[in-house]
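Asker: Give me a 3D structure for the following:
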Amino acid sequence: MTGFNPSNFTVAKAKPLPVVLLLDVSTSMQGNSIKELNSAVKEMVEDFASAEKNEIEILVSIITFGAEVLLHTPYTSAKDIEWQDLDVSGATPMGTAFSMAKAMIEDKETTPSRAYRPTIVLVSDGAPNDVWQQPLRELVNEGRSQKCDRMAMAIGSDASNNVLNEFVSGTENKVFTAQDSSQIQEFFKFVTMSVTTRTQSQNANVVPKEEEVQRLVKQEDNQQSEELEDEFI
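Answerer: Residues are numbered from 1 along each chain as shown. I've put the predicted structure just below:
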């Protein structure tokens, strides 16, 4: 008979579901755009923290591109993020941000093989001012990163839709266009629902279809407005 070994009783480690945000913080984002972006991302992170389960941990990483490309937040469990507002500066070095995201996804120590399929989210109000074609092609078409779900939002009419359309190619997502900064919140509600729905799914690698996510967002909005009505009775 074998003796008691406490190491046989370890709790299964939560499996990571990575979400990488590529956020434009160039000078043109100043004013309402950066204010709304900060508010929307903060709320999304809080919603992710509420949706985390014992088996699934939502890891959030934020890459910002403006005067420089920065790893604002390395992969961190949503519940452990202490949000720091983003500031604007500089131009739009989007190509370098693509390369950084690609390197993160390909590195198996940073994004482990046991992780669920990552989601990469791109937000921009302008066109890249650096070399972007090759870095984007490599991100979308090669290696592990081509399997990621990718979502993109164009803010205003100066955003480069051909770049954003190429970014979401191969996924079922369309580029979300925010005519003004007030719609930024709407896009992040969609991202939140898409990711949190996966935590409740039997297979968190399966990304829900756009229509399904829109339906769930609408359902949640209706529920919230009903609750507000109840408060005033």
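Asker: From here on, just use CA atoms for contacts and neighbour counts.
Answerer: OK.
Asker: Okay, and the closest residue to residue 198 other than its chain neighbours sits in which element?
Answerer: Of all residues not flanking residue 198 in the chain, residue 204 sits nearest, at 4.6 Å (CA to CA, 6 or more residues apart in numbering). Per DSSP states H and E, residue 204 falls between elements, in no helix or strand.
Asker: what does residue 84 give?
Answerer: Under the assignment here (DSSP H and E), residue 84 is part of no helix and no strand.
Asker: lowest-pLDDT helix or strand in the protein?
Answerer: helix 210-231 (a mean of 78; mean pLDDT, DSSP states H and E).
Asker: And the strands in this protein, which stretches?
Answerer: For the chain, the strands defined by DSSP state E cover 15-24, 56-65, 69-77, 119-124, 149-155, 176-178.
Asker: roughly how far out does the third one sit from the chain middle?
Answerer: By that I understand strand 69-77. 12 Å (CA atoms, centre = their mean, to the nearest Å).
Asker: Show me which residues of that strand are buried.
Answerer: For strand 69-77, the neighbour count (16 or more other CA atoms under 10 Å) marks 69, 70, 71, 72, 73, 75, 76, 77 as buried.
Asker: which among those gets closest to residue 97?
Answerer: residue 69 (6.1 Å; CA to CA).
Asker: pretty sure residue 23 is touching residue 62, no?
Answerer: Yes - using CA atoms under 8 Å, residue 23 is in contact with residue 62, at 7.3 Å.
Asker: Of those two, which one has the most company?
Answerer: residue 23 (25 against 20; other CA atoms under 10 Å).
Asker: Where does pLDDT dip in this structure?
Answerer: 1-2, 11, 225-233 (pLDDT under 70).
Asker: can you redo the strands of the chain as TSV with distance to residue 107?
Answerer: Converted to TSV, the strands of the chain look like this (distance: least, CA to CA, whole Å):
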stretch	distance to residue 107
strand 15-24	13
strand 56-65	14
strand 69-77	13
strand 119-124	15
strand 149-155	17
strand 176-178	29
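Asker: nearest to residue 90, of those strands?
Answerer: Among those, the nearest to residue 90 by CA to CA is strand 56-65 (8.6 Å).
Asker: Tabulate the CA atom coordinates of stretch 184-193 in CSV.
Answerer: Output of stretch 184-193 as CSV, limited to C-alpha atoms (Å, rounded to 0.1, in the frame of the first residue of the first chain):
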residue,chain,number,x,y,z
ILE,A,184,-16.6,53.4,-28.1
GLN,A,185,-18.5,52.0,-25.1
GLU,A,186,-20.8,50.1,-27.5
PHE,A,187,-17.9,48.3,-29.2
PHE,A,188,-16.3,47.3,-25.9
LYS,A,189,-19.7,45.9,-24.7
PHE,A,190,-19.5,43.7,-27.7
VAL,A,191,-15.9,42.6,-27.0
THR,A,192,-16.9,41.9,-23.3
MET,A,193,-19.9,39.8,-24.3
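Asker: Tell me how far that stretch lies from the chain's centre.
Answerer: On the basis of CA atoms, centre = their mean, stretch 184-193 is displaced by 10 Å from the centre of the chain it belongs to.
Asker: All set now, cheers.
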